[in-house]
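S.K.: Kindly generate the corresponding structure for this input.
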Amino acid sequence: MRRERILDEYLVAAARTGNARAFDLLVTRWQPRLIAHAMRLTGRREGARDAVQESWLEISRGLGRLRDDRAFPAWAYRITSRRCAAMIHGLQRDRAIGAALEIEAEDDRPVDALEGASESDRLRAAVRALPPEQRAAIALFHFEELSVAEVAVALDVPTGTVKTRLMHARRKLRAVLEGDQ
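M.R.: Residues are numbered from 1 along each chain as shown. Down below sits the predicted model:
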């Protein structure tokens with residue numbers, strides 16, 4: 001993981017100087033992560049892709065202002081989080097658009113219907129069943145290995161809020177894995 005962070009720092013620094021190849025590599029490396037993050041927040045594949053595409057425009061314009069190359073992950077997640085929030089807000093204002101979009105999920109079976117499923121299948125289903133803000137906190141902290149402070153920046157919330165979301169999400173996941181739900 002340390003080597004990946006160093007590579008990302010190098011790519012950010014090179015992209016900031018106008019190196020188009022470095023920016024393309026940065027996009028290639030981060031596109032799947034940002035789409036996964038946007039999916040966790042929006043629950044909509046197409047909406048997530050649109051939010052990430054808009055995020056890359058903002059990232060490319062703002063890269064020159066990013067003072068610390070190490071802050072790129074949290075900064076990129078934060079931009080994506082804001083784009084998703086704006087998209088969700090727009091969908092809530094216009095119910096017709098929201099109704100036209102369908103939620104796409106890998107496995108839409110409810111957690112309690114996974115009787116006899118493997119523990120990892122039950123865990124994935126339980127993570128998908130979490131509220132979006134808890135799902136995002138869990139994914140960024142555990143799957144993307146960001147610190148609590150970085151998750152707070154990425155989600156644009158206080159660190160205490162991140163800790164609370166992680167605590168509640170872990171309780172729910174533990175209950176599912178121990179068979180309480």
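
S.K.: where's the residue nearest to residue 144 when sequence neighbours are not counted, which helix or strand?
M.R.: Nearest non-adjacent residue to residue 144, counting by C-beta to C-beta, 6 or more residues apart in numbering: residue 33, 6.5 Å away. Any C-beta I mention is one placed from the backbone N, CA and C, and that applies to glycine too. Assessed by DSSP states H and E, residue 33 sits inside helix 20-42.

S.K.: Return the list of helices and strands in contact with that helix.
M.R.: Helix 20-42 sits against helix 2-16, helix 45-62, helix 72-93, helix 132-138, with contacts defined as 3 or more C-beta pairs under 8 Å, 6 or more residues apart in numbering; DSSP states H and E.

S.K.: Let me know the angle separating the longest one from helix 20-42.
M.R.: Which is helix 72-93. With axes from the mean of the first three to the mean of the last three C-alpha atoms, to 10 degrees defining the directions, helix 72-93 sits at 50 degrees from helix 20-42.

S.K.: which other residues reach helix 72-93?
M.R.: With contact meaning C-beta atoms under 8 Å, 6 or more residues apart in numbering, helix 72-93 is reached by 5, 8-9, 12, 30, 34, 37-38, 41-42, 47-48, 50-52, 54-55, 58-59, 62, 66, 97-98, 101, 136, 140, 144, 146, 149-151, 153-156.

S.K.: how close does the residue nearest to residue 144 get to residue 119?
M.R.: 25 Å (C-beta to C-beta, to the nearest Å).

S.K.: more neighbours, the two?
M.R.: Between residue 33 and residue 119, counted using other C-beta atoms under 10 Å, residue 33 has the larger neighbour count: 18 against 10.

S.K.: By neighbour count, sort out the buried ones in the contacts of helix 72-93.
M.R.: 8-9, 12, 30, 34, 37-38, 41-42, 47-48, 50-52, 54-55, 59, 66, 136, 140, 144, 146, 150-151, 153-155 (16 or more other C-beta atoms under 10 Å).

S.K.: distance between the ends of stretch 57-77?
M.R.: Start and end residues of stretch 57-77 are separated by 14 Å (C-alpha to C-alpha, to the nearest Å).

S.K.: same question but for stretch 63-70, I mixed them up
M.R.: End-to-end distance of stretch 63-70 (C-alpha to C-alpha): 12 Å.
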